[in-house]
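S.K.: model this:
(chains A and B)
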Amino acid sequence: MKTIKTYSILAVIALATVMVGCSKDDDTPEPVTIGGGTTPPAHEEELITSVILSFVDTAGVQPAVEYAYRDIDGVGGNAPIQQDVLTLAANTYYTATVQLLNEAESPAEDITLEVLQEDDEHLFCYAPSNTNVTIDRTDSDGTYEVGISTFWSTGAAASGNTTVTLKHQPGVKDGTCTPGDTDVEIIFVTEIQ
Amino acid sequence: MLNSKLLFVLVMFLNTFNCFTQTAVCDFTLSGKVIDEHDKKPLMFATVYIKELERGSVSDNKGNYHIDKLCKGTYTLVISHLGCDPITETITLTKNLKHHFYPEHHAEELQEFAIQEKAVEEEVSVAKKELSVKDLNQARGESLGESLKSITGVTTLNTGGSISKPVIHGLHSDRVLILNNGIRQEGQQWGNEHAPEIDTYIADKLSVIKGADGIRYGANAIAGVVLVEPRALRDTTGINGTLNLAGASNGRLGVSSATLDGNIGKLIGLSWRLQGTLKRSGNVTTPNYYLKNSGLKEYNFSWALGFNKEKYGVETFYSKFNTDIGIFSAAHIGNLTDLQLAIDATEPLESADFTYEINRPLQHIEHELFKVKAYWLTGNIGKLNFVYARQYNLRQEFDKHLPRKDSLAALNLPELQFEITTHLGELSWRQNRTSSFNTQIGVAAINQANTFEGREFIPAFRKYGTGVFLIEKWRSKNFKLELEAGLRYDHVHQKVYKWDRINRHYDTYVYAYNNVSGSLGAIYKPNDKLTTRVNFGMAWRPPNVSELFSDGLHHGAATVEYGDTNLITERAYNTIAGVDYLNKNLLIQVEGFYNYINDFIYLKPTLPATLTIKGAFPTFNYTQVDAALTGLDFKLNYQFTKKLSWTGKTSFLNAYNLTDDEWLVGMPANRFENVLAYKLLKVKKLTDVYVEAGIQSVLNQNQVPDNSDYSNPPDGYNLLSAGMGFGIPIAQKQKLIVDFKIKNLLNTTYRDYLNRFRYYADEMGRNYTLKLKLTF
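M.R.: Below is the predicted model of the structure:
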C-alpha cells in the first residue's frame, strides 16, 4: 500500500512537471546556413547610412554638384567616409535637395521617401556659420516646411561650416528646430569661392 | 520534455533507495518544555531546532515541543524565542527522551536584531547581512534592489524610478550573484539598465553573503551573493496563506500578492504552494513635475510542489516573471547636442500628466524558472542534494519611435530583443555537523544560449561551464573559534557569433577560461557579547560578451561604446574584517574591507567624440585597470529605554584606479542613516507597535576623475522619513500587519549620482506608502 501511495505522489509531481509548458525559446545561437548563404540576424535595424546633398545652379552656369556623407555599417565598426568640402560658387542661386539612403541594403533603400510620407513629423534644418550663404526651405507638409528641397543663395567668398540636421518631431512639430530627437546631424565644411 | 524524463529517472532512483531506508531504526522521540529562565513560565512559539537534520519543532501554548522519528545519535539543538538569546545544547539520544530548555528571556529588548541577526544560522566569517522582518515588511512591493537598500553597504544603481540594481560595496551587475530560490539568476545581468527579474514576494528572507558559502554558488561573486529565499514548504497538515497589499501615493502604485501553502494529510509529506503578484504604477512625480512614461506593470506567478520523507525528498518549483517598464521619454535622446540641451534645461523637455499608460520607449521582460531539487540522507552522516534548473529570459527593448518604414512600423517589433536560455545542474553533498569538522562538496554544470533579433548590441553566443567546489569548516570544542575554507575550480567555454554587416557573414570567436576561486576565514568569539571575523577571498570573472563585443550606439545613454575582444579575466582579492558587539542595550557592527581587483573592467571615456551620421557622441571604451576598493560599514543600535532605540548606519567607500592614479567613475557616495524608533510590544489589542523617524544623508560624490562626465555629480542630499506600524491579531491564526511610511517627507528636490537619469530629471518627490500583510 505504502509503495503505491509513494508512486502515485511521485506520479503527480512528474505530471506537474510535464504540464509546466516552458516558454518557447530560440536556443540556437549557432548561425544557420540556408542554400549556401548565411541567414542574417532577424529584423536588422533600419539605418540611415548616407546623406547626399545635390545642387543645381538656377542660372545653369555652374555644373550640378553632389556632396555626400557615408557610414555604410552604421555607428561603430568602420569610421564614416569623410565628405568632400562643400564647395559652391560665390554670388550664385542654387536649388538643392537632400537624399537619405540606406546603402547597407542592396539595392540601396531611399529613406527620403519614408521621411516624405511622414513629412508632418520631420524637419530638416540648415545652419550655416561663418559663411556667406542663405538657405531657405522651399517645401511644405501643408502647415510647416519640411526642408527636403531648399534654395541656397551665396554671397562673397568665405569659408565656414553648414550643419544639416534632421529632427524627428512626432506630435511636437512647430516649425522650429528645437523639439524632437535628432536623426541626422552632419557638419559640412563649406567653401564659397 | 527533457525535464520530465530527467525527473522520472530521478524519481525511480530515489524509490530504489526507499526500499532500504524502511528498515532503519529511527523512531526515537525528543520532547519536553521550553521554560523562561526568569519567571519559569512556559514559552510558546519557541523553536527547537536540530542543526544536523535541519528540522525542528515549535512549542505550543503550554511550552511543549515534540520531535519524532529521530535516529540514535548526538545532536546539536538550538532553542530560540522572540526576545531571547538562542541557546545551543548538545544531546545524545539513545532512547526516547524528555528534556526541558530554559532560555533567558529579555522581553522586547533588541528584538529586531536579536532574532534577525542571531537566527539559527551557521556562523560565517563574513557576517551574513539579512533584512529584518520589519524592514522586509516595509520593503514589500518594491523591487529587489530597493528592498536590499536597508542593508549597510548596499546601494542601488537606478535608471529612473522603476529600474533598480543592487550595488554591493560599489560593485554591481555581473559582479553580484543573485540566488533566486537556490538558483543563480541568469538573464542579461550585464546591462546597467537591466534590473533583476525577481518577484520579491517570493522571498521570506533577503540577505547578502560573502565568504566561503559564496563560493558554493559560483566564481564571479566578486561583490557578494544576494540570497532570495522562500519559506520552506509546509510540513504539517493544513492550509495557510498570506495576502499582501501595498499602495503608494507617488505613481499611484498598487500591488497585491497572495501565497497559499498546503500540506495534504492523507498523502503524508506532499506539500504545495501557489503564489501570484500583480503590480501597476503610473507616471511618478518629482516635487515639481511628472516624469513622462515612467509607469510600470508586473504580473508574476509561481508554484511549488514538494514530497518530503524522512530520508529523501523531491521538490519542484516554477516561477514566471513578466514586466513592462516605461522608460522616461525625455531620457531617450538623439545625440550629444540633445543631451546638452537636456542637461541645461531646468525641467525635462517633455512634460506629462498622470497616466497609467505605458508607451514607447519601453522594456518588456519575461523570466521563467523551472527547478527540480532532490535530497537523500546518506545515513546519519550527511545529505546528498541534486538540483536541476532551466531558465528562460526574454528582454525586449522598444525605442522611442517606430521604424520609419510603414510595413515595419505596423509589426511594432522591439528594436532589440534577447533570448537567453540556461540549463543548470548541481550535485552536492553536505556533512552533518556532528563533529568539529563539516564538509561540503559538489559539482555544477551550466549550458547557456543567447540569441538576438534587431539591433546587434551584443552578439549571439553559447556558453558551457563546469565547476567543482569544496567547503570545509572546523569548530573548536568550546565553540569559541571557527575556521572555514572554500575552494572552487571552474572551466568556462564560450563561442560567440558576431554578424559582419558589410561582408554579410558571421565571425566566430572562441574563449576558454580556467580558474580557481577560494576563501579562507576565521570567527573568534571570546565571549557571548563579542564576535570577530576575518576573511580573505579570491574571486574571478571572465569578461562578459558586452565588454568584449559592444560596438556602436547605446540608445538612451547617448554614448558610443566599444568592447575589446582582447580583454582578459578580472580577478579580485578581497580582505574583510568585522567585529560584532552585542550586549543588553547596545549592538555595534563594524566591517572593513579592502578589495584589490586586478584587471578591473570598466567603461573609460575616450577622446575624441565619435562622429556619426546622427552627430557627435561621447566615446567609451571597455578598459582594464588595477583597482582598489576600500570601505567601512558601521551599524549601531542603542536601546535608550526598553521602548526607545536609535539605529545609525554609515557606509564609506573609496574606489581608486591604481593604473591611472585617479578615482574610479560610477561609485556610490558616502552615506549616513539615522533612525529613532519607539516600540511597544502591546497596546491594547495591537502588537508590535512602532513609530519611527529617520534621516538619510548622502554626500556629494567628489571622488570622480576629472572630465569623466557630461556634468558634475549632483549635490549631496538629506531625506527625511517617518513611519509607523502594528499588528492586529484577528483570530487565533490570523494576523494583520500594517506598515505606513512617508518617504521624502519634506518633498526635497534632489538627484542621485547613481541614477542614470540624473542628467534629465529630479528624483521622486514625497511618497506615502501603506503595506498590509494578512496571514491566515
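S.K.: tally of neighbours for B:Phe307?
M.R.: B:Phe307: 24 surrounding residues under other Cβ atoms under 10 Å in any protein chain shown. Where C-beta positions appear, they are placed from N, C-alpha and C, glycine not excepted.
S.K.: Does A:Leu113 lie in a helix or a strand, and which?
M.R.: Assigned by DSSP states H and E, A:Leu113 belongs to helix A:111-117.
S.K.: is that helix anywhere near chain B?
M.R.: Yes - contact of helix A:111-117 with chain B (Cβ under 8 Å from any Cβ of the partner chain) involves A:111, A:114-115, A:117.
S.K.: In chain A, what helix or strand scores lowest on average pLDDT?
M.R.: helix A:2-18 (a mean of 64; mean pLDDT, DSSP states H and E).
S.K.: my read is B:Asn137 is in a helix, agree?
M.R.: Yes - applying DSSP: H, G, I helix; E, B strand; the rest coil, one finds B:Asn137 inside a helix.
S.K.: Can you mark which positions in the helix holding A:Leu113 are buried?
M.R.: Going by neighbour count (16 or more other Cβ atoms under 10 Å in any protein chain shown), the buried part of helix A:111-117 is A:111-112, A:114-115.
S.K.: who are the neighbours of it, in terms of helices and strands?
M.R.: Applying 3 or more Cβ pairs under 8 Å, 6 or more residues apart in numbering or on different chains; DSSP states H and E, we find helix A:111-117 packed against strand A:93-102.
S.K.: quick one: average confidence on the strand it packs on?
M.R.: Strand A:93-102 carries an average pLDDT of 94.
S.K.: ditto for stretch A:110-122
M.R.: Stretch A:110-122 comes out at a mean pLDDT of 91.
S.K.: can I see the domain layout of chain B?
M.R.: B:2-105, B:129-775 (automatic domain parsing).
S.K.: Nearest to the middle of chain A, which residue? Look it up for me.
M.R.: A:Ile48 (3.0 Å; Cα atoms, centre = their mean).
S.K.: can you tell me which residues contact it?
M.R.: A:100-102, A:111, A:183-184, B:613 (Cβ atoms under 8 Å, 6 or more residues apart in numbering or on different chains).
S.K.: Kindly present these as JSON lines, with separate columns for distance to B:Pro713.
M.R.: Listed next are the contacts of A:Ile48 as JSON lines, based on distance: Cβ to Cβ, whole Å:
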{"residue": "A:Leu100", "distance to B:Pro713": "39"}
{"residue": "A:Leu101", "distance to B:Pro713": "42"}
{"residue": "A:Asn102", "distance to B:Pro713": "40"}
{"residue": "A:Ile111", "distance to B:Pro713": "39"}
{"residue": "A:Asp183", "distance to B:Pro713": "31"}
{"residue": "A:Val184", "distance to B:Pro713": "32"}
{"residue": "B:Ile613", "distance to B:Pro713": "32"}
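S.K.: what about residue 164, neighbour count?
M.R.: Unless you meant another one, I'm taking chain A. 22.
S.K.: Oops, wrong one, chain B.
M.R.: With other Cβ under 10 Å as criterion, B:Ser164 counts 23.
S.K.: Relative to B:Lys292, how far out is it?
M.R.: 19 Å (Cβ to Cβ, to the nearest Å).
S.K.: which of the residues in stretch B:254-266 are buried?
M.R.: B:254-264.
S.K.: so what's the nearest residue to A:Asp119 once chain neighbours are set aside up against?
M.R.: Computed as Cβ to Cβ, 6 or more residues apart in numbering or on different chains, the closest residue to A:Asp119 that is not its neighbour in sequence is A:Asp141, at 4.0 Å. For A:Asp141, the contact set (Cβ under 8 Å, 6+ apart) comprises A:119-120, A:173.
S.K.: does B:Ser697 really touch B:Phe672, like I thought?
M.R.: Yes - with contact defined as Cβ atoms under 8 Å, B:Ser697 reaches B:Phe672; the gap is 4.6 Å.
S.K.: from the contacts of A:Ile48, which single one is nearest B:Asn240?
M.R.: Nearest to B:Asn240 among the contacts of A:Ile48 is A:Asp183, at 57.7 Å by Cβ to Cβ.
S.K.: could I have the host helix or strand of the closest one exported to CSV, CA atoms only?
M.R.: Assigned by DSSP H and E, A:Asp183 falls within strand A:181-192. Output of strand A:181-192 as CSV, limited to C-alpha atoms (Å, rounded to 0.1, in the frame of the first residue of the first chain):
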residue,chain,number,x,y,z
ASP,A,181,15.1,63.9,-31.5
THR,A,182,18.0,64.2,-33.8
ASP,A,183,18.0,61.6,-36.6
VAL,A,184,20.8,63.2,-38.6
GLU,A,185,23.3,65.8,-37.7
ILE,A,186,26.3,66.4,-40.1
ILE,A,187,28.7,69.3,-40.3
PHE,A,188,29.7,70.0,-43.9
VAL,A,189,32.8,72.2,-44.2
THR,A,190,31.6,74.9,-46.6
GLU,A,191,33.6,77.0,-49.0
ILE,A,192,32.2,79.8,-51.1
